[in-house]
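**Q** I'd like to go over a predicted model; first the sequence, then the structure.
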Amino acid sequence: MSCDRIRVEIENQIAFVRLTRPEKHNALDIEMFSAIDNTIKKLRKSRNIRTVIVSGAGEDFCTGLDIKSVMRSPLNAVRLLFKWLPWRANLAQRVSTGWRDLPVPVIMAIQGRCWGGGLQIALGADFRIARPDASLSIMEAKWGLIPDMGGTLALRTLLNQDIAKRLAMTGQEFTGEQALALGLLTELDQDPLEKAKQLAMEICRQSPDAVSAVKKLYNKSWWSGPGAALARESGYQLRVLAGKNQKIKTFNQTHDQQAQKDFAARGHW
């Protein structure tokens with residue numbers, strides 16, 4: 001699954017998605033927007049993946065909107081912003097919100113610059129791992145725009161409102177270390193892609209039903225009322241318990257614990 005903007009490789013049930021426009025620092029043109037959107041749609045239908053890792057080819061993750069390319073035709077703005085219903089995501093928003101809708105965890109591995117639309121894409125993930133010297137920014141203010149690619153859904157759970165306003169109003173740049181302190185990142189690493197692989201493999205060892213249910217539960221319940229959150233907990237738990245993956249996980253866990261006891265009893269623990 002690949003094109004001249006996106007490359008997707010699946011290995012050990014991990015989907016590696018790479019933005020492949022390094023000569024333009026993975027800036028977002030119409031083709032890139034469409035490629036990301038189509039990739040998310042295909043991944044949503046896949047039953048062979050357990051996690052997704054998104055990274056950028058070259059020195060930068062994504063430097064945001066390719067203004068010259070997008071503004072070359074008035075139709076481009078229509079393609080990006082048009083929506084049938086106001087509360088549904090348009091193309092510009094789906095490249096961020098689409099990752100939230102996948103039933104599996106999504107990890108962003110960030111290096112170099114992650115600005116504007118690039119940061120909006122990253123905010124759609126469940127986890128963000130970046131180099132300490134990465135550069136991040138909600139940069140739309142510098143173009144006289146507002147951030148309108150769906151990142152607000154994540155910002156309201158990650159930042160205090162005054163901090164989010166300051167970053168969006170000033171367009172200031174900040175490092176990976178500063179982003180971690182603010183709460184925008186999950187962790188830092190000199191090799192974010194390798195760290196993302198380690199996290200993905202750890203997640204893959206768990207029940208896929210439980211992992212999927214946790215993602216859905218937290219995304220839906222973080223800002224809902226307590227009654228709705230409790231109802232979802234009970235409903236999702238019943239579904240997980242009824243699934244075959246939970247029985248497999250329980251059997252494997254019991255088998256591993258018994259093996260440890262047997263090993264210890266032989267004096268080798």
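**A** Happy to help now that I have it.
**Q** buried sites along stretch 143-152?
**A** 147, 149-152 (16 or more other CB atoms under 10 Å). All C-beta spots, glycine's among them, are computed from the backbone N, C-alpha and C.
**Q** do stretch 209-218 as well
**A** Counting neighbours by 16+ other CB under 10 Å, one finds that the buried residues in stretch 209-218 are 209-215, 217.
**Q** same deal with stretch 173-181?
**A** 174-176, 178-180.
**Q** So which of the residues you listed are in helices?
**A** If you go by DSSP state H, the buried residues of stretch 173-181 have 176, 178-180 in helices.
**Q** Reformat these into JSON lines and put pLDDT next to each item.
**A** Supplementary listing: those in JSON lines, determined by pLDDT from 0 to 100:
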{"residue": "Gly176", "pLDDT": "98"}
{"residue": "Gln178", "pLDDT": "97"}
{"residue": "Ala179", "pLDDT": "98"}
{"residue": "Leu180", "pLDDT": "98"}
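**Q** Do a quick rundown of the helices in the stretch 51-200 of the chain.
**A** Applying DSSP state H, counting those that start in this stretch to the stretch 51-200 of the chain gives helices spanning 67-70, 74-81, 91-101, 117-123, 152-158, 161-170, 176-182, 192-204.
**Q** Using a markdown table, please lay out the buried residues of stretch 173-181 together with distance to Lys45.
**A** As requested, those are exported to a markdown table (distance: CB to CB, whole Å):
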| residue | distance to Lys45 |
| --- | --- |
| Phe174 | 37 |
| Thr175 | 38 |
| Gly176 | 33 |
| Gln178 | 38 |
| Ala179 | 33 |
| Leu180 | 34 |
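**Q** Was I right to think Asn219 contacts Trp99?
**A** No: using CB atoms under 8 Å, Asn219 is not in contact with Trp99; the gap is 10.8 Å.
**Q** Who has more neighbours out of these two?
**A** Trp99 (27 against 15; other CB atoms under 10 Å).
**Q** per-residue confidence at the more buried one?
**A** On pLDDT, Trp99 comes in at 97.
**Q** in terms of contact, does it touch Phe127 like I think?
**A** No: Trp99 is beyond contact range of Phe127, at 10.6 Å (criterion: CB under 8 Å).
**Q** Give me the common contacts of these two.
**A** Val106 (CB atoms under 8 Å, 6 or more residues apart in numbering).
**Q** so who does the one residue sitting closest to the centre of the chain touch?
**A** The chain has Ala125 as the residue nearest its centroid, 1.5 Å off, counting by CA atoms, centre = their mean. With contacts defined as CB under 8 Å, 6+ apart, Ala125 is in contact with 54, 99, 106-108.
**Q** Select from those residues the one having the most neighbours.
**A** Most surrounded of the contacts of Ala125: other CB under 10 Å gives Met108, at 30 neighbours.
**Q** Fine by me, thanks again.
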